[in-house]
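Engineer: Quick one: sequence and predicted model below, then my questions.
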2 protein chains.
Amino acid sequence: MGDNRAAQVFGGESLLFLTDEQLRQGIEAMFFAYRGFTADPDRILAEMSYGRAHHRAIHFISRAPGTTVNNLLAILGVTKQSLNRVLRTLISDGLVESRVGTRDKRERHLFLTEAGQNLESRLSDAQRARMRSAYKKAGPEAVSGFRQVLEAMMDADMRRAYSKLRDSTT
Amino acid sequence: MGDNRAAQVFGGESLLFLTDEQLRQGIEAMFFAYRGFTADPDRILAEMSYGRAHHRAIHFISRAPGTTVNNLLAILGVTKQSLNRVLRTLISDGLVESRVGTRDKRERHLFLTEAGQNLESRLSDAQRARMRSAYKKAGPEAVSGFRQVLEAMMDADMRRAYSKLRDSTT
DNA sequence: CTTGGAATGTCAACAAGGCTGACGTATGCT
DNA sequence: AGCATACGTCAGCCTTGTTGACATTCCAAG
C-alpha cells in the first residue's frame, strides 16, 4: 500500500481516481471543507460562549425530539459525562427541556424549548446556506456523488444511525 | 430561509436537491463521514499518545517538505503557540527536523525525519485505505461530484491553499 | 550603523471538550 | 429481594485551542 503512483488498470477499466495522489487530494479536500462546514455555526456559537458540542446536541435533539440521553450518546459517540456537561448548561440556560419518561421513568426525553428552537434555526440556517451554495455551484449530479462517497466513508454503526435518521423524515 | 420544505422550481429546472431536508441530510452525512475519516489515524495516534494536531502537522510537512512555520500556520489555521507545542514534541521525539533558513535565517524549514516519514506512511496508508474503499464503492462519477461539492464548501482562502497544494504535484 | 518591524520561540494562564473511574439514585425486570 | 439499566455527578486527567507578554534574531530602510 502507498506506492501506486501511476494510474491503475483493473479488470480493463481505468481507475485513475484511485491513485494515491487522487486519494490524498480527497483527504485534503475533506480537511479544508470540514473547516468551512463548521465555520458559520462556530461564529454564532462563539457569541454566546457555546461550542460545537452544544451545536451537535441541539441539532440531534431538534432532529429527533424526545430522544433519550442514551440514544443521543450513541449518535454523538461521546461519554455520558461529556454529554452531560453540555446538556446541563443547555438545560439551565433554558434551551433544552428534559422530561422524565412515562413508560420507563428512568429515561429522560429531551426537547428543545422555544429559545432552543430559535438558536437551532440560526445555526442550521447558517450551515444550510453554505451547503446550499455549494450544492448549487456543483449541481445535482455532483451532490448525488458527494452523498454516495460520504456514506461509503462512514463506519458501519454510523451508517446505520445515519440511515435511520435519514429515513425517519422521508 | 429555512422554510422551503417542498421541491423548488427555479428557471424551469427542478431543484429537489436543494430542499432543507436534502441539505440537512448532507450536513449529517458530513458529520458522520468525518468521524469515519479520522477514526483510523486516531487509533494509530492513540497508541503513541499523539493527537489529530500531530497528524495534521505531519501530513502537511510531508506534503510540502521545507515549509516554514508561518506557512504551516496559515494552512492549519491555528495560533503559533498551538502549533509550536505540537512541533516541539514532534521535534524532541525525532519525527520532525527544523532547519534554520539559508536565505532568511529567521525562518525555520520543517522536514520529516525517517521516523517521521514512517509514521506518516502508517497514518496516510490507513486513511487512504478507507478513502479508497469509499471511492471504489461509489465509483468515479461519484468521486468527481464529491470533490466538486467539497471544494465549493471551502472558504475562499482555504480553497486557495487547497488548489495550491493540489496543483503542486500535478 | 542604528533602528523598526517581521518571524520565531517561549512562558503563563485559561477554557472547551474529550476521557476514565467511582459512586449514588431511581426504576424496571426477573 | 436482588440484579441490571438509565441517568447524574464528582474528581481528575489530557489534548488542543485561545490570549497576552516578552525575548531573540535578523532583514531592510533610513
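Structural biologist: Perfect, I can see it now. Model, not experiment: these values are computed from the prediction.
Engineer: what's near enough to touch the most centrally placed residue in chain A?
Structural biologist: By CA atoms, centre = their mean, the mean C-alpha position of chain A lies nearest to residue A:56, the distance being 7.2 Å. Taking CB atoms under 8 Å, 6 or more residues apart in numbering or on different chains as the definition of contact, the neighbours of residue A:56 are A:76, B:31. The C-beta positions use only the backbone N, C-alpha and C, and glycine is treated the same way.
Engineer: Which helix or strand contains it?
Structural biologist: helix A:52-63 (DSSP states H and E).
Engineer: ditto for residue A:97
Structural biologist: Counting by DSSP H and E, residue A:97 is part of strand A:96-100.
Engineer: tilt between that strand and helix A:52-63?
Structural biologist: Put simply, strand A:96-100 runs at 60 degrees to helix A:52-63, going by axes from the mean of the first three to the mean of the last three CA atoms, to 10 degrees.
Engineer: What helices and strands are in contact with strand A:96-100?
Structural biologist: With contacts taken as 3 or more CB pairs under 8 Å, 6 or more residues apart in numbering or on different chains; DSSP states H and E, strand A:96-100 sits against helix A:52-63, helix A:80-92, strand A:108-112.
Engineer: Spatially nearest residue to the residue in chain A that DNA strand D sits nearest to (excluding sequence neighbours)?
Structural biologist: For chain A, the residue positioned closest to DNA strand D under CB to the nearest atom of the strand is residue A:70, at a distance of 2.9 Å. Once its chain neighbours are removed from consideration, residue A:70 has its nearest residue in residue A:107; the separation is 7.6 Å (CB to CB, 6 or more residues apart in numbering or on different chains).
Engineer: who's in contact with that neighbour?
Structural biologist: Neighbouring residues of residue A:107 by CB under 8 Å, 6+ apart: A:68, A:69, A:70, A:100, A:101.
Engineer: what about residue A:114, how many neighbours?
Structural biologist: Using other CB atoms under 10 Å in any protein chain shown, the number of residues around residue A:114 comes to 8.
Engineer: chain center to the longest helix that chain A contains: distance?
Structural biologist: Taking DSSP state H as the criterion, chain A has its longest helix at helix A:20-47. Here helix A:20-47 shows a centroid-to-chain-centroid distance of 13 Å under the convention CA atoms, centre = their mean, to the nearest Å.
Engineer: is chain B contacted by that helix?
Structural biologist: Yes - using CB under 8 Å from any CB of the partner chain, we find that helix A:20-47 touches chain B at A:20-37, A:39.
Engineer: Quick one, which of the residues you listed are buried?
Structural biologist: Burial by neighbour count, judged by 16 or more other CB atoms under 10 Å in any protein chain shown, picks out A:20, A:22-37, A:39 from the residues of helix A:20-47 next to chain B.
Engineer: out of those, who's near DNA strand C?
Structural biologist: Among these, no residue is within reach of DNA strand C (CB under 7 Å from any atom of the strand).
Engineer: sorry, back to before: export the helix holding residue A:56 as CSV, just CAs?
Structural biologist: Included here for helix A:52-63 are C-alpha records, laid out as CSV according to Å, rounded to 0.1, in the frame of the first residue of the first chain:
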residue,chain,number,x,y,z
ARG,A,52,-19.5,22.7,18.7
ALA,A,53,-20.6,20.2,21.3
HIS,A,54,-23.6,22.3,22.1
HIS,A,55,-24.4,22.6,18.4
ARG,A,56,-24.3,18.8,17.9
ALA,A,57,-26.6,18.2,20.9
ILE,A,58,-29.1,20.8,19.8
HIS,A,59,-29.0,19.5,16.2
PHE,A,60,-29.9,16.0,17.1
ILE,A,61,-32.4,16.9,19.7
SER,A,62,-34.1,19.0,17.1
ARG,A,63,-33.8,16.2,14.7
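Engineer: if we can go back for a sec, would you mind giving the contacts of residue A:107 as TSV with distance to residue A:121, neighbour count and pLDDT added?
Structural biologist: What follows is the contacts of residue A:107, written out as TSV (distance: CB to CB, whole Å; neighbours: other CB atoms under 10 Å in any protein chain shown; pLDDT from 0 to 100):
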residue	distance to residue A:121	neighbour count	pLDDT
A:68	24	17	97
A:69	24	16	97
A:70	27	13	96
A:100	27	10	95
A:101	27	12	92
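Engineer: Tell me which two of those residues sit farthest apart.
Structural biologist: A:70 and A:100 (14.3 Å; CB to CB).
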